[in-house]
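Asks: Sharing a model that was predicted from the sequence below.
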Amino acid sequence: MCTNWWLLGSPASSSTSKQTVFDPRTHSSASHAHGSLRKDIYEQALMNGSHPVVKRSIPNAPKNSSPLAGVPANMAESFVMLSDSVILRTPQPIVGESMQNGGLATTPSGITPEDSLSHKMQTSRRLFDVLSARSDIDYPICMECTELLVEGLQKRLGEATKSRDGYQQFLKKLQAEIPTDAEAAKVEEDLEKVRQEKDAALLELEDLEREKAQIEAEIAEAEEESKRLEAEEEEFWQERNLFSQQLEEFQNERDSINLRFDHDTKQLDKLHRTNVYNDTFCIGHDGFFGTINGLRLGKLPSQPVEWAEINAAWGQTLLLLHTVADKLGFVFENYKLKPMGSTSKIEKMEPRQMDTTSSRIGAALGAVSRSDVRVQTLELFSSGTIPMGHLFAHRKFDGAMVAFLDCIKQLGEFVARADPTAVLPYTIVKDKIGDVSIRLTFNQDEPWTRACKYTLTCAKFLLAYASNQGLARRLQQQQQQQQQSQTR
């Protein structure tokens, strides 16, 4: 907590124990010699003073405390009652020759008023008043407040030092960027070189302008010659147009006949080359899947395919095989195809065997009975759902796909007998095509999808063979017709 200094007055001239009252304003005339100097110092302090760094509030003194513990409202009205024993005697100034000569007055002991305790205290009081007026802190201050004030000033000093260092670095950078004499000479040399190049370019430009003028004159002469030739050309074209008009009348009729003949020939050739089977059954692939008419045949864990699409693809494939067999006049052995879209079926015909007892009786009697034919319907479609506890839910579907492979094998052998070079792309052995099984039970999606793709490849091969046979037959018929027309 900061406390104010109470200024003590100079002792009175009396040596008795009588208490005296000291007023600091009575000594203002004693320091008149240096008053102007101190005033200048105070005014300079007022002008250079900054805003307060630390704001401290001093609480009011308690009511029961002594008057010395409080803070006076006006420092000029502060005084202390002292006894004569504690008051220093102030020597009376002696006016002598020194005062007459403009010197300072001195006491009999040789002490000037400026060196007296009251003068120093008055000076300190005024200095503290100036400081207190320029700050929120009443001076003098304690050590704790002094440390806070010094700490704040040190922070400001550090910030000012950083700013100074930044300005110094920026100044050094600017000084470093100032070009040297050598650099200035180099720039001047480059500038001179550019000027020389500019002069050379101007000379070259003048030469080009002269050449341009010469070329423009030649162009003008060429334009005159061109006008003359255009006039001759116009006369020539007038004569030619008269001839062309007569020739065109004869050519129009010929061109009309030729156009009709070409159109009819192209249309006939297009009809001859039209392959209805390729348009009806478009077989391709979509990544790992084989497709027929845009329907994917197969499924993968990463790319699931709905069973409705798979069933429709099998229906299209069965229709293709039925159409090719009918085109080639082939009848399947023990099988009858029933293309019915997404619910297509294959009928498998097997001989119905008699039971063991009947066969023994017939053998004993020597009678040979002919077994009846049993028809088994194989469904070439599946719902895709596997009931709980039914591991063989796709048994009928697997049987239909194996029967389909057998039909492709029979038709492939028929084609190979007619043309030994026409062999199926993949070998079919029972339920396997190539090296994978067509069965779905106890099989993974990827091998089954690959087997379906191989099946479509073999079906496309048979379709191409049937198309070529039909084209060859038509060409043969055309040749026969041409020969007959020539003989007539």
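Replies: Structure's in. What do you need? Nothing here was measured: the structure is a model prediction, and the numbers come from that model.
Asks: how about low-confidence regions in the stretch 351-488 of the chain?
Replies: Low-confidence segments of the stretch 351-488 of the chain, defined by pLDDT under 70, span residues 353-371, 385-393, 470-478, 482, 485-486, 488.
Asks: can you give me the helices in it?
Replies: Shown for the stretch 351-488 of the chain, the helices assigned by DSSP state H, counting those that start in this stretch span residues 356-365, 395-418, 445-487.
Asks: again, but for the stretch 51-200 of the chain
Replies: Across the stretch 51-200 of the chain, reading from the start of the chain, the helices by DSSP H, counting those that start in this stretch fall at 97-100, 117-133, 143-177, 181-273.
Asks: if we can go back for a sec, pick the most deeply packed of the helices of the stretch 351-488 of the chain.
Replies: Scoring the helices of the stretch 351-488 of the chain by mean neighbour count under mean count of other C-beta atoms under 10 Å gives helix 395-418 as the most buried, with a mean of 19. The way it works is simple: take the backbone N, C-alpha and C, and place the C-beta from them, glycine included.
Asks: before we move on, back to that, among the helices of the stretch 51-200 of the chain, where is the model least confident on average?
Replies: Least confident of these, judged by mean pLDDT, is helix 97-100 with a mean of 42.
Asks: The helices of the stretch 51-200 of the chain into TSV, with extra columns for distance to S383 and mean neighbour count?
Replies: Compiled in TSV, the helices of the stretch 51-200 of the chain are given as follows (distance: least, C-beta to C-beta, whole Å; neighbours: other C-beta atoms under 10 Å):
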stretch	distance to S383	mean neighbour count
helix 97-100	136	10
helix 117-133	103	17
helix 143-177	83	11
helix 181-273	43	10
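Asks: Nearest to G298 among these would be which one?
Replies: When the helices of the stretch 51-200 of the chain are ranked by proximity to G298, the top entry is helix 181-273, at 32.7 Å, counting by C-beta to C-beta.
Asks: List the contacts of the next helix-or-strand element following that closest one.
Replies: Secondary structure here is assigned by DSSP states H and E; on that basis, the next helix or strand after helix 181-273 toward the C-terminus is helix 276-280. Contact with helix 276-280 is made by 320, 323-324, 327, 463, 466-467, as judged by C-beta atoms under 8 Å, 6 or more residues apart in numbering.
Asks: which of those residues lies closest to L268?
Replies: The shortest separation between L268 and any of the contacts of helix 276-280 is 18.4 Å, and it belongs to S467 (by C-beta to C-beta).
Asks: Specify the residue ranges that define each domain of the chain.
Replies: Here the chain is described, according to automatic domain parsing, as comprising the domains 20-141, 277-487.
Asks: ok, back up a step: and of the helices of the stretch 51-200 of the chain, who's closest to L424?
Replies: Proximity to L424 (C-beta to C-beta) singles out helix 181-273 among those, at 25.6 Å.
Asks: angle of that closest one against helix 445-487?
Replies: Taking axes from the mean of the first three to the mean of the last three C-alpha atoms, to 10 degrees, one finds that helix 181-273 is oriented at 60 degrees with respect to helix 445-487.
Asks: In contact with E446, which residues?
Replies: Listed by C-beta under 8 Å, 6+ apart, the contact set of E446 reads 288, 300.
Asks: will you turn the helices of the stretch 51-200 of the chain into TSV that also has distance to C407?
Replies: Shown next, in TSV, are the helices of the stretch 51-200 of the chain (distance: least, C-beta to C-beta, whole Å):
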stretch	distance to C407
helix 97-100	150
helix 117-133	118
helix 143-177	92
helix 181-273	29
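Asks: Before I go, just wanted to say thanks for your time.
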